[in-house]
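>>> show me how the following folds:
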Amino acid sequence: MRTDLHKHLLCAAGLTPLAALSGGCADTSDTRPNILFVIADDQSWPYASAYGCKTVSTPGFDYVSGHGALFNNAYVTSPGSSPSRASILTGLYPWQIEEAGTHASSFPARYTCYPDVFREAGYHVGYTGKGWGPGDWAASGREHNPAGPEYNECRLDPPYSGISKIDYAANFRKFLAERPEGAPFCFWLGTHEPHRPYENASWVKAGHALDEAEVPGFLPDADPVRGDILDYAVEIEWFDRHLGSCLEELERRGELDRTIVIVTADNGMSFPHAKANCYDAGLHVPLAVCWGERIRPRQVVESPVSLVDVFPTLLEASGVTYGADSVLVGESLLPLLEGRAAEYGSEAVYAGRERHSCSRYNNQGYPMRSIRSGNYLLVRNFHPERWPAGDPQALDKKGRPAAMHGAYYDIDAAPSKTYLINNRENPQVKSYFDAAVARRPEFELYNLKSDARCLHNVADDPHYSDIFERLRSRLQMRLAETGDPRVGVDPEIWESYPRLEGKMRTFPAPKE
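Prediction:
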């Protein structure tokens with residue numbers, strides 16, 4: 001076993017050596033690369049130690065970035081799990097894939113996913129943990145999850161109550177053991193961590209201290225928030241532990257260097273003003289890629305990239321052809337990874353969301369679209385009359401109004417959310433509360449260089465008028481050329497897509 005991998009993973013993360021498997025190394029007669037795509041659930045940039053973050057220790061992620069490339073500006077196409085994952089799988093924007101572009105609906109079978117393309121090309125394909133979801137893929141007539149055939153049989157007893165019982169690393173080993181001789185593999189490893197709920201104060205058991213928590217600028221620096229961030233960190237470290245075990249297994253088999261490993265997340269952290277918002281904390285995710293000697297080690301890539309680029313990257317890396325009628329909207333990241341940056345043409349990344357959870361009257365969504373270019377982020381809110389985090393008040397089971405400020409269901413239940421609501425009248429907290437839940441104007445513009453937390457909207461500032469108009473025009477053009485119904489003839493079609501998974505709630509009718 002390679003000494004640096006052994007020290008980096010086993011010592012830093014406290015891993016124990018893997019049990020030996022029967023059989024030798026796989027036949028490597030097929031020279032196409034293996035593919036290991038590893039995706040966390042709700043992890044924002046910069047919560048990985050490779051970025052200098054002291055809140056978490058992520059030796060697995062750090063190993064991948066150290067032996068390949070670390071991306072400082074990677075963005076998802078949606079700040080919610082289901083549409084973001086569907087976009088990665090199809091190589092299309094969420095607004096191009098109908099029901100799959102909203103949350104917890106279906107996934108029309110006419111949209112081809114990259115695991116199926118690789119399966120047809122002779123790859124051994126599968127996934128463990130969370131593939132595409134939430135939603136009902138079977139409702140569309142699909143035979144299996146869009147991420148591939150399921151490998152979730154192996155289970156464990158988790159150390160904390162918020163952690164899944166799925167043994168991701170063991171399922172990966174089972175998948176490899178079933179691989180046909182000589183076949184390359186394409187595997188999706190999707191953990192349920194660090195998705196909520198967390199075990200409260202798990203950070204105490206894990207040996208963290210409150211002063212280790214790095215509180216982002218869009219949240220107040222208070223002990224309940226710090227504890228919440230440390231519980232989040234505990235789950236990131238669990239995700240990373242399984243990543244490390246999988247890297248170890250590949251090294252033991254002599255296949256790590258012929259495997260392209262991509263490690264990232266589906267959207268931002270599950271905190272107010274982050275997940276479910278087209279702000280940086282909702283869209284900006286960690287990304288590291290390695291591929292043996294094919295990618296120069298210890299690279300840092302500053303170019304803004306989108307995870308819609310994953311599909312075309314894998315096609316170029318493998319030489320697999322894609323003959324579907326749909327044209328992928330992303331482009332391969334290999335030019336950035338191989339010293340050919342001038343061949344990567346994108347200078348902007350785009351994102352959007354529709355319905356997230358059932359959080360408003362009549363199950364309405366909160367449609368947003370965004371463009372990030374250079375140091376600027378422009379967000380368009382198509383229904384600014386609606387509440388961005390969901391209606392503040394729900395109806396109880398008897399149809400009576402429940403407590404005011406007891407809803408905002410697009411923000412997951414969390415100590416941080418509770419702290420903002422309970423302290424909303426505190427002058428030191430009010431601005432954070434308002435930023436998370438108050439109504440927003442149609443357009444928001446943020447200078448990320450001076451305001452990475454996205455709290456100071458400069459859309460109406462004359463100093464930024466040229467930048468605003470340039471980005472507004474570029475966003476409109478991109479949405480139109482990619483067929484977004486929001487700027488087309490049927491902008492409200494999104495409200496007709498059924499919610500097939502998750503709670504359904506009722507809310508008071510909006511006042512005229």
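>>> so residue 38 lies in a strand, does it not?
Yes - when the secondary structure is assigned by DSSP: H, G, I helix; E, B strand; the rest coil, residue 38 falls within a strand.
>>> run a quick neighbour tally on the residue nearest to residue 375 when sequence neighbours are not counted.
The spatially closest residue to residue 375, leaving aside those adjacent along the chain, is residue 449, at 4.2 Å (C-beta to C-beta, 6 or more residues apart in numbering). From N, CA and C alone the C-beta is placed, and that goes for glycine too. Burial measure for residue 449: 9 neighbouring residues, criterion other C-beta atoms under 10 Å.
>>> and what of residue 396?
Neighbourhood size, residue 396 [other C-beta under 10 Å]: 11.
>>> and what of residue 180?
11.
>>> same thing with residue 272?
Using other C-beta under 10 Å, residue 272 is surrounded by 28 other residues.
>>> ok, and the closest non-adjacent residue to it?
residue 436 (3.7 Å).
>>> so who does residue 133 touch?
Listed by C-beta atoms under 8 Å, 6 or more residues apart in numbering, the contact partners of residue 133 are 81, 82, 85, 145, 501.
>>> average pLDDT for stretch 65-81?
For stretch 65-81, the mean per-residue pLDDT is 98.
>>> got it, and stretch 254-262?
Model confidence over stretch 254-262, given as mean pLDDT, is 98.
>>> returning to what we had before: surely the residue nearest to residue 375 meets residue 458?
No - checked against C-beta atoms under 8 Å, the pair residue 449 and residue 458 is beyond contact range at 11.8 Å.
>>> contact partners for residue 74?
Applying C-beta under 8 Å, 6+ apart, one finds that residue 74 lies in contact with 45, 264, 284, 285, 286, 287, 304, 305, 306, 307.
>>> residue 72 too?
Residues in contact with residue 72 (C-beta under 8 Å, 6+ apart) are 45, 51, 300, 301, 302.
>>> for residue 46, see how far away it is.
Computed with C-beta to C-beta, to the nearest Å, the distance linking residue 72 and residue 46 is 8 Å.
>>> kindly report the same for residue 176.
Here the distance between residue 176 and residue 46 works out to 32 Å (C-beta to C-beta).
>>> so where's the chain shaky on pLDDT?
Along the chain, the parts satisfying pLDDT under 70 run over 1-29, 324-326, 512.
>>> show me where it has its helices.
Using DSSP state H, the helices assigned to the chain run over residues 3-5, 12-13, 59-66, 81-90, 114-120, 168-177, 202-205, 223-252, 280-283, 310-318, 334-337, 415-422, 430-437, 465-481.
>>> point out the most buried one among these.
Comparing these by mean neighbour count (mean count of other C-beta atoms under 10 Å), helix 81-90 ranks first with a mean of 29.
>>> if we can go back for a sec, ok, which of the helices of the chain comes nearest residue 270?
Of all those, the one in closest proximity to residue 270, counting by C-beta to C-beta, is helix 223-252 (7.5 Å).
>>> roughly how far is the closest one from the heart of the chain?
Averaging C-alpha coordinates over helix 223-252 and over its chain gives two centres that are 15 Å apart (C-alpha atoms, centre = their mean, to the nearest Å).
>>> relative to helix 430-437, how tilted is it?
For helix 223-252 against helix 430-437, the angle between stretch directions is 50 degrees (axes from the mean of the first three to the mean of the last three C-alpha atoms, to 10 degrees).
>>> now do helix 223-252 and helix 168-177, the angle between them.
With the same axes, to 10 degrees defining the directions, helix 223-252 sits at 20 degrees from helix 168-177.
>>> got the angle between helix 223-252 and helix 415-422?
Helix 223-252 and helix 415-422 meet at an angle of 160 degrees, taking the same axes, to 10 degrees as the criterion.
>>> contacts only, for the closest residue to residue 386 other than its chain neighbours.
When the adjacent residues along the chain are set aside, residue 386 lies closest to residue 366, with 5.5 Å between them (C-beta to C-beta, 6+ apart). Under the criterion of C-beta under 8 Å, 6+ apart, the contact list for residue 366 reads 353-356, 359-360, 381, 383, 386-388, 390, 410.
>>> of the contacts of residue 72, buried ones?
Buried positions within those, assessed by neighbour count (16 or more other C-beta atoms under 10 Å), are 45, 51, 301.
>>> chain neighbours aside, what residue packs nearest to the last one?
To tie it back to what came earlier, the one meant is residue 301. The shortest distance from residue 301 to any residue that is not its chain neighbour, by C-beta to C-beta, 6+ apart, is 4.8 Å, and that residue is residue 71.
>>> what about the strands in the chain?
Shown for the chain, the strands assigned by DSSP state E span residues 34-40, 68-75, 124-129, 185-190, 259-265, 284-290, 299-301, 305-306, 348-353, 368-373, 376-381, 443-447.
>>> got a list of contacts for the third one?
Pointing back at strand 124-129 there. In this structure, residues lying in contact with strand 124-129 by C-beta under 8 Å, 6+ apart are 115-116, 118-119, 145, 147-152, 164, 166, 168, 171-172, 175, 178-180, 183-192.
>>> what does stretch 397-408 contact?
Identification of contacts with stretch 397-408 by C-beta under 8 Å, 6+ apart yields 359, 387, 389-396, 417, 421, 424, 436-437, 505-508.
>>> CA-only coordinates of that stretch in CSV, if you can.
The C-alpha atoms that make up stretch 397-408 are tabulated as CSV, following Å, rounded to 0.1, in the frame of the first residue of the first chain:
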residue,chain,number,x,y,z
LYS,A,397,-54.3,19.7,11.5
LYS,A,398,-57.7,21.3,12.2
GLY,A,399,-57.1,24.1,9.7
ARG,A,400,-56.5,26.8,12.4
PRO,A,401,-53.6,29.3,12.1
ALA,A,402,-50.5,28.0,14.0
ALA,A,403,-48.0,30.2,15.6
MET,A,404,-46.6,33.1,13.6
HIS,A,405,-42.9,32.5,12.6
GLY,A,406,-43.4,28.8,13.3
ALA,A,407,-43.1,27.8,9.7
TYR,A,408,-40.4,29.0,7.1
